[in-house]
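Asks: what shape does this take:
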Amino acid sequence: MPAQTSTNLSRRRITMSDIANKAGVAVSTVSSALHDTGRIGDEQRKRIKDLARELGYRPKLAAQLLPSSRSGRLALLIPTSNPVFTLQSGFAGPIIAEFIYQCTNNGKGYHIEFINQDKQNIELPYTGPDAFTSGLSDGALVIGYVENDVVRKWLHDNQEQYPYVSLQEPGPMSVSTDYAGGIYQAARHLYEMGHRKIAYMSTKSHYRVHVESLKGFKRAVEDFSLDTHDGKWIKLIGVQPHYQDWVRDHSKNAKTLLKASNRPTAIISHDVICARTTIYAAMELGLHVPEDVSVITSGSVYGAEKAPPLLSTVEPDSSSIVREAINLLNTSLMGEPVTRTNIIVDEKLFQGESVRSLTV
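Replies: Numbering: from 1, shown residues only. Below you'll find the predicted structure:
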């Protein structure tokens, strides 16, 4: 394919992709520079802005006509039936904190709104989140799966006027963690530490975090020939209405695994609270972590550090997830073509004190 010349570019509207090609950077970097978001250096930001002016970059006409009615704010929509639990959770908590940090750090106004997941407690006809219908924001990030089908349909039907980016679940535009890759990485770490008898504890649900994580573990079992006691060491519990029921069922499964004469040498407990429950169950049986059994989890390092032992974990990169989502949203709001609508972000392995090497 021939290189684009300045003559070629002058015949059509300049896009962010053109600027990115000319500057030798990613489109997301150009978006960050032009929207004053993201963590790029001042010199890089100035160079990209100067290049945009030099090439004659202008947003689409539709985007140019909107600023008079724009709020200049972004929203974070949080579907939940229990706001207190959601704020404290290792799933949503880090994303909420990162959203506030990035908006504040870049001088961007923001609005945070809970969306009721309970279908019985929603006023009909539903007119949409206040973030949109009251003019409080121009676009939104949506955390997780929207259970309420009335709200989900409204977002889908109105996405042209009110653009949004889904976080951790599929959507017209989405940014998600590579959960399968993260759990696979955890299993590989255990394998490299000499473990072959490995159990997996998680929740059985339709949520992407649980579906993809289980896929990652099963792939690792196949690739590394891990022993799961013919699948009997894969312990999944259903979604529980009360937190204490969830903890109780995880504890029951952990004790079933650990009190058997033939037990795993390591357990992947999918969630920091699940891992802590596993460790407590081991203590009740007179076992020690990691001397008698190793435990690794998936969740934030902050949560992993809250109590001894310091947990080994694969951590979602909340900073990159929010940054990529804001760039996607800003690109859409500017009327630019979105070249990558579904972005996957890798997890990072943090080695704590809860995994023991079995290799000599």
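
Asks: from here on, just use CA atoms for contacts and neighbour counts.
Replies: Fine.

Asks: got a list of what the closest residue to A92 other than its chain neighbours touches?
Replies: Leaving aside its sequence neighbours, A92 sits nearest to T86 (CA to CA, 6 or more residues apart in numbering; 6.2 Å). By CA atoms under 8 Å, 6 or more residues apart in numbering, the residues touching T86 are T80, A92, G93.

Asks: do V151 as well
Replies: Residues in contact with V151 (CA under 8 Å, 6+ apart) are Y126, G128.

Asks: part of a helix, is it?
Replies: Yes - per DSSP: H, G, I helix; E, B strand; the rest coil, V151 lies within a helix segment.

Asks: can you pull the pLDDT of it?
Replies: Per-residue pLDDT puts V151 at 89.

Asks: quick check: it vs E315, distance?
Replies: Taking CA to CA, to the nearest Å as the measure, V151 falls 30 Å from E315.

Asks: and the contacts of stretch 255-273?
Replies: Stretch 255-273 is touched from outside by 90, 186-187, 190, 195-203, 228, 233, 247, 275, 278, 281-282, 285, 292-300, 303-304, 355, with contacts defined as CA under 8 Å, 6+ apart.

Asks: are any of those buried, and if so which?
Replies: 90, 186-187, 190, 195-203, 228, 233, 247, 275, 278, 281-282, 293-300, 303-304, 355 (16 or more other CA atoms under 10 Å).

Asks: now the helices for the stretch 51-200 of the chain?
Replies: Here the stretch 51-200 of the chain has its helices, by DSSP state H, counting those that start in this stretch, at 61-65, 83-88, 93-105, 130-133, 149-157, 179-192.

Asks: most packed of the ones you listed?
Replies: Scoring those by mean neighbour count under mean count of other CA atoms under 10 Å gives helix 179-192 as the most buried, with a mean of 23.

Asks: tell me how far T313 lies from I198.
Replies: Relative to I198, and taking CA to CA, T313 is found at 15 Å.

Asks: so of the contacts of stretch 255-273, which ones are in strands?
Replies: Those of these mapping onto strands are I198, A199, Y200, M201, S202, T203, S294, V295, I296, T297, S298, per DSSP state E.

Asks: mind picking the two most distant members of the residues you listed?
Replies: Spanning the widest gap among the ones in strands among the contacts of stretch 255-273 are T203 and S294, at 19.9 Å by CA to CA.

Asks: can you give me the pLDDT of the closest residue to I14 other than its chain neighbours?
Replies: Leaving aside its sequence neighbours, I14 sits nearest to Y57 (CA to CA, 6+ apart; 5.2 Å). Y57 carries a pLDDT value of 74.

Asks: Y57: neighbour count?
Replies: A count of neighbours around Y57, defined by other CA atoms under 10 Å, yields 16.

Asks: go on, P79?
Replies: By other CA under 10 Å, 22 other residues sit near P79.
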